[in-house]
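*Asks:* take this sequence and fold it.
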Amino acid sequence: MLLISSMDKMWISFASMGCMFIAMVFMFFVKTKFNNSLLKFIFGLIAYILLFIGFITMIYIIFNPTKA
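*Replies:* Prediction:
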């Protein structure tokens with residue numbers, strides 16, 4: 001198991017929250033602003049990938065112990 005410092009965990013969690021926020025903004029644009037189905041698919045796919053990355057990194061941060 002990879003032990004990381006508390007400060008590194010903080011930055012990783014900020015990046016994870018950023019990924020989730022960007023995914024939320026992309027999904028907002030997909031649902032409300034885009035009419036082109038190709039753009040909807042591309043931005044929707046990017047949003048779901050970012051959401052998955054944010055989820056996986058949050059799970060890693062929550063269940064990984066810190067270095068003392």
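*Asks:* now the helices for the chain?
*Replies:* Counting by DSSP state H, the chain has helices at residues 6-32, 37-63.
*Asks:* buried residues of the first one, list them for me.
*Replies:* Judged by neighbour count (16 or more other CB atoms under 10 Å), helix 6-32 contains these buried residues: Lys9, Ile12, Ser13, Ser16, Cys19, Met20, Ala23, Phe26, Met27, Val30. (C-beta placed from N, C-alpha, C; glycine too.)
*Asks:* can you pull the contacts of the fourth one?
*Replies:* In this case it means Ser16. Ser16 makes contact with Ile53, Gly54, Thr57, Met58, Ile61 under the criterion CB atoms under 8 Å, 6 or more residues apart in numbering.
*Asks:* right, and the fourth one touches Lys9 too?
*Replies:* So that's Met58. No. Met58 is beyond contact range of Lys9, at 10.8 Å (criterion: CB atoms under 8 Å).
*Asks:* let me know the closest of the buried residues of helix 6-32 to Tyr48.
*Replies:* Ala23 (7.3 Å; CB to CB).
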